[in-house]
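[1] Have a look at this fold, sequence not included:
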């Protein structure tokens, strides 16, 4: 009430008072005052008018009786004329009472109903509930902004590893599409624009247990805003952004955004792997695939020759760069004349590589000489055009290698039916990269190093991997040698024992067997050792990346954490762990020694 | 001049004055304490309390608290009165009357604090 005179104070005290409560109070003020006034007036009326009791004596209602009478009349319960029958003057007033009080009640109830229906009130109620849900999270959690196709994949991946996730999404429709109830963990969700810092704060970005922010909204601009806000509000947290446009990517990197995932660039890198070392692509696919995805064990074989690239947009552009890098002849089909003009300006000497044409009809594909091409990339941003390109191309040249860009998730089945050799899904690639970056940062390092290796190296890795995993999808994990994650190993190191990698990869149940896993990378004080040797000794502070079966990971945890398991694999005698056994053993040893002396 | 502010202050001060009027007199003499005055005090206090609902100024919560205290005291007094007259039918004995009046005395104190807070708020605004 005094707030309109002092807007600044209004702002500061707003945080303290729950907005829902204050909204109800403000809204109910008028109806309640009307109700009390009506009650007071009607009670006074009943008090003033005199009646007669059952003996015919003059009688006036007491305040208690009047309040009782008005109360049951106002609520339309109507017990009748108590304690004595009323006279006509009283009845006249009661008539007024009934109408006045009933209207006052209706007004009050109407106000409450209007408030409940009010979208602003609903929003405040939702925000309040969301805030409470976030407040209850005490374990580390991640904040995902934007629950589109990418966002959903990321949330699914994080929750399946039992991480807590908080989601902000602008569009209520996407929330309905993404079924958050099926996930392994409860996911609090707020319908709001994530680029507004207030909502990020509401989602707990400033909390200490907020491990990182993942910006996967469809708009690069929103992602940029989220990245800036998160770096300012919670500088310790990790920030990963999705970005499709190069200039935004540069901008995001300029203020220490931890990672920027550009699905087109990422796919171009993967594709480039496929062009020069197909087996490296296979390793990449094995290690980064989603836990339940199918794996292929044959590397894709590409023939050397001319490629056709349909549509020269953001995707086409990065792919063309890769073709240039690998010196592969390319023909580009692009329907837009302005793109053609700008291409001619940028690559004066290669202007003949681009042909104007849609790429969806036989005529334009023939113009690009599809009969003599080894591969075609349907890279437009329209799924039906891409599908049409694939089908037409296959009709003319059945042996052609087909790479298709799939933009929408619900078209999966159609793309599957076309039997394209490689389907690029921006959301799937982004989710895959974010999963690696957040859940297994060491794997990202490994892949970066692996990209620089040659075909021979990759083949050795593949043979080692397939020896342990067979047909299954490998699991990757990082063993951290520290007090918390590997107390038994640290204990042994302090005892002066030398533990090497092959101790860890032995089965703690029967040590003659090897666990089905391979050490991929060893990180020690910032140095990386790729495919470390089995005899490498382990030091405190090492991070080791393993790849193998899920059972192997579980068994290895025993060796890392339990002293008796570690002693067993290292063929050391078990130290008794309980106090009593230790004392008994000491006594026994002492006795033995005395007997020897005698 | 803000008419809302006038109404707000009016009810708060009226609550105090009526309350004081009911309280003053011999403690145990029912002649000095009118039941209709108690009724008026309760109604005015109720309205004053509701006017304070949702007041987001810094002293708003304090003002609301004092009013709620006054209401609790006055309603207890009214309940004691009702019990004495209608339930036990002992009538207004001096001891009952003392209870009722002392309860309303507590409400007077709460109302005084309330008005003082209002004055502090007003002087703070001037500065």
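    Nice, I can see it. Because the structure is predicted, anything quoted here is derived from the model rather than measured. Numbering: from 1, shown residues only, chains lettered A, B, ... in the order given.

[2] Need the three-state assignment for the residue positioned nearest the centre of chain A.
    For chain A, residue A:155 is the residue whose C-alpha lies nearest the centre (CA atoms, centre = their mean; 3.1 Å). With DSSP: H, G, I helix; E, B strand; the rest coil as the basis, residue A:155 sits in helix.

[3] What residues does it make contact with?
    When contacts are counted by CB atoms under 8 Å, 6 or more residues apart in numbering or on different chains, residue A:155 touches A:144, A:147, A:165, A:167, A:178, A:180, A:183, A:187. All C-beta atoms are positioned from the backbone trio N, CA, C, and that covers glycine.

[4] what's the answer for residue A:187, then?
    A:155, A:159, A:164-167, A:180 are the contacts of residue A:187 under CB under 8 Å, 6+ apart.

[5] Quick check: it vs chain B, distance?
    Relative to chain B, residue A:187 is positioned 33 Å away (CB to the nearest CB, to the nearest Å).

[6] How confident was the prediction at that residue?
    On the pLDDT scale, residue A:187 is placed at 89.

[7] how about it, phi and psi?
    phi -120, psi 110 (degrees, to the nearest 10).

[8] How much space separates the residue nearest to the centre of chain A from residue A:146?
    Distance, residue A:155 to residue A:146, using CB to CB, to the nearest Å: 10 Å.

[9] Can stretch B:67-77 be said to contact chain A?
    No. Applying CB under 8 Å from any CB of the partner chain, one finds stretch B:67-77 separated from chain A by no less than 11.6 Å.

[10] so how far is that stretch from its chain's centroid?
    Chain-centre distance of stretch B:67-77: 7 Å, with CA atoms, centre = their mean, to the nearest Å.

[11] And stretch B:79-91, by the same measure?
    21 Å.

[12] quick one: average pLDDT of that stretch?
    On average, stretch B:79-91 scores 89.

[13] Can you name the residues that contact residue 94?
    Just so you know, I chose chain A. Shown in contact with residue A:94 (CB under 8 Å, 6+ apart): A:46, A:69, A:73, A:86.

[14] sorry, should have said chain B
    Per CB under 8 Å, 6+ apart, neighbours of residue B:94: B:28-29.

[15] rerun at 6 Å
    residue B:28 (CB atoms under 6 Å, 6 or more residues apart in numbering or on different chains).

[16] Helices of chain B, residue ranges please.
    Ranges of helices in chain B, per DSSP state H, are B:3-23, B:35-52, B:60-82, B:94-126.

[17] Off-centre distance for the longest one?
    Its chain's C-alpha centre lies 6 Å from the corresponding centre of helix B:94-126 when counted by CA atoms, centre = their mean.

[18] got the buried residues for it?
    For helix B:94-126, the neighbour count (16 or more other CB atoms under 10 Å in any protein chain shown) marks B:96-97, B:99-101, B:103-108, B:110-111, B:113-115, B:117-118, B:121 as buried.

[19] Nearest to chain B within the stretch 351-500 of chain A, name that residue for me.
    The nearest approach of the stretch 351-500 of chain A to chain B comes at residue A:438, 41.3 Å away (CB to the nearest CB).

[20] Mind telling me what element that residue is part of?
    helix A:426-439 (DSSP states H and E).

[21] That helix: what's the following helix or strand?
    Using DSSP H and E, the first helix or strand after helix A:426-439 is helix A:441-450.

[22] what does the helix or strand just after that next one rub up against?
    Counting by DSSP H and E, the next helix or strand C-terminal to helix A:441-450 is helix A:455-469. Here helix A:455-469 makes contact (CB under 6 Å, 6+ apart) with A:277, A:279-280, A:283, A:516, A:518, A:548.

[23] so helix A:455-469 versus helix A:441-450, what angle?
    Calculated by axes from the mean of the first three to the mean of the last three CA atoms, to 10 degrees, helix A:455-469 forms an angle of 140 degrees with helix A:441-450.

[24] how about helix A:455-469: buried residues?
    So, applying 16+ other CB under 10 Å, buried residues of helix A:455-469: A:457-459, A:461-462, A:465, A:468-469.

[25] Now residue A:178: phi and psi?
    Given degrees, to the nearest 10, the pair of backbone angles that residue A:178 has is phi -80, psi 120.

[26] could you dump the contacts of residue A:94 to TSV with pLDDT?
    Shown next, in TSV, are these (pLDDT from 0 to 100):
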residue	pLDDT
A:46	92
A:69	93
A:73	90
A:86	88
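
[27] will you turn the residues you listed into a markdown table that also has secondary structure and distance to chain B?
    Shown next, in a markdown table, are the contacts of residue A:94 (DSSP: H, G, I helix; E, B strand; the rest coil; distance: CB to the nearest CB, whole Å):
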| residue | secondary structure | distance to chain B |
| --- | --- | --- |
| A:46 | helix | 12 |
| A:69 | helix | 13 |
| A:73 | helix | 18 |
| A:86 | coil | 19 |
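
[28] ok, and the most crowded of these?
    residue A:46 (24 neighbours; other CB atoms under 10 Å in any protein chain shown).

[29] Now do the same for the closest residue to that one other than its chain neighbours: helix, strand or coil?
    Nearest residue to residue A:46, sequence neighbours excluded (CB to CB, 6 or more residues apart in numbering or on different chains): residue A:66, at 4.1 Å. Secondary structure, three-state DSSP: residue A:66 is helix.

[30] Go ahead and confirm residue A:66 touches residue A:43.
    Yes. Residue A:66 is within contact range of residue A:43, at 4.5 Å (criterion: CB atoms under 6 Å).

[31] Look up the pLDDT of the residue nearest to residue B:69 when sequence neighbours are not counted for me, please.
    Closest residue to residue B:69 apart from its sequence neighbours, by CB to CB, 6+ apart: residue B:110 at 4.2 Å. Listed pLDDT for residue B:110 reads 95.

[32] Look up how far residue B:2 lies from the residue of the stretch 101-250 of chain A found nearest chain B.
    Of all residues in the stretch 101-250 of chain A, residue A:108 sits closest to chain B, at 11.6 Å by CB to the nearest CB. Here the distance between residue A:108 and residue B:2 works out to 26 Å (CB to CB).

[33] now do residue A:508
    Residue A:508 is 79 Å from residue B:2, by CB to CB.

[34] With neighbour numbers in mind, choose between those two.
    Between residue A:508 and residue B:2, counted using other CB under 10 Å, residue A:508 has the larger neighbour count: 22 against 12.

[35] Any stretches of the stretch 101-250 of chain A with poor pLDDT?
    Filtered on pLDDT under 70, the stretch 101-250 of chain A yields no residues whatsoever.

[36] Tell me which stretches of it form helices.
    Counting by DSSP state H, counting those that start in this stretch, the stretch 101-250 of chain A has helices at residues A:119-135, A:149-160, A:172-177, A:197-202, A:220-233, A:246-254.

[37] quick one on the thing from earlier: the contacts of residue A:187 in strands, which ones?
    The strands, defined by DSSP state E, take in A:164-167 from these.

[38] for the helices of the stretch 101-250 of chain A, which one ends up most surrounded?
    helix A:149-160 (a mean of 23; mean count of other CB atoms under 10 Å in any protein chain shown).

[39] quick one, that one and helix A:426-439 angle?
    Using the same axes, to 10 degrees: helix A:149-160 against helix A:426-439 is 40 degrees.

[40] Distance from the chain centre to helix A:149-160, please.
    5 Å.

[41] Also stretch A:371-378?
    Its chain's average C-alpha position is 37 Å from that of stretch A:371-378, according to CA atoms, centre = their mean.

[42] contact partners of the longest strand along chain A?
    When chain A is parsed with DSSP E, its longest strand is strand A:517-524. The contact list for strand A:517-524 (CB under 6 Å, 6+ apart) reads A:446, A:464, A:468, A:501, A:529-530, A:532, A:542-548, A:552.

[43] what does chain B put close to chain A?
    Counting by CB under 6 Å from any CB of the partner chain, chain B comes close to chain A at B:4, B:39, B:43, B:46-47, B:50, B:53-58, B:82, B:86.

[44] on that earlier part again, would you confirm that the residue nearest to residue B:69 contacts residue B:66?
    Yes. Counting by CB under 6 Å, residue B:110 touches residue B:66, with 4.9 Å between them.
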